[in-house]
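J.: return a 3D structure for these sequence lines:
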Amino acid sequence: MMNPMQVGVRVLAIASIVMGMIWVLQGINVLPGSFMTGRIQWAYRGGIIATLGAGLLLFSRRIRR
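T.: Numbering: from 1, shown residues only. Okay, here's the model as predicted:
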């Protein structure tokens, strides 16, 4: 069973990955309907956020019970 800290960190990590991927898709003009659509800087920012989220997800596996 995971402790509350580990659950919170994993939820934050998964939310960051999802949000980052949405930003990437909007930045490369695949997912329209936002002020971010077609602006490549949002793809870069989304990639950074998704990568940080993946790192946080890996880090959450190391949190002790």
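J.: for the lengthiest helix in the chain, the distance to its chain's centre please.
T.: Counting residues, the longest helix in the chain under DSSP state H turns out to be helix 4-27. Centre-to-centre, helix 4-27 and its host chain are 3 Å apart (CA atoms, centre = their mean, to the nearest Å).
J.: which neighbouring elements make contact with it?
T.: helix 40-60 (3 or more CB pairs under 8 Å, 6 or more residues apart in numbering; DSSP states H and E). For the C-beta atoms, the positions are set from N, CA and C on the backbone; glycine is no exception.
J.: now the helix it packs on - C-alpha only, CSV.
T.: Provided in CSV are the C-alpha atoms of helix 40-60 (Å, rounded to 0.1, in the frame of the first residue of the first chain):
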residue,chain,number,x,y,z
ILE,A,40,6.0,26.1,-31.4
GLN,A,41,7.2,27.6,-28.1
TRP,A,42,4.3,25.8,-26.4
ALA,A,43,5.5,22.5,-27.9
TYR,A,44,8.9,23.1,-26.3
ARG,A,45,7.4,24.1,-23.0
GLY,A,46,5.1,21.1,-23.0
GLY,A,47,8.0,18.8,-23.7
ILE,A,48,9.8,20.2,-20.7
ILE,A,49,6.8,19.8,-18.5
ALA,A,50,6.2,16.2,-19.7
THR,A,51,9.8,15.3,-19.1
LEU,A,52,9.8,16.8,-15.6
GLY,A,53,6.6,14.8,-14.9
ALA,A,54,8.2,11.6,-16.0
GLY,A,55,11.2,12.3,-13.8
LEU,A,56,8.8,13.0,-10.9
LEU,A,57,7.0,9.7,-11.6
LEU,A,58,10.4,7.8,-11.4
PHE,A,59,11.3,9.7,-8.2
SER,A,60,7.9,8.7,-6.6
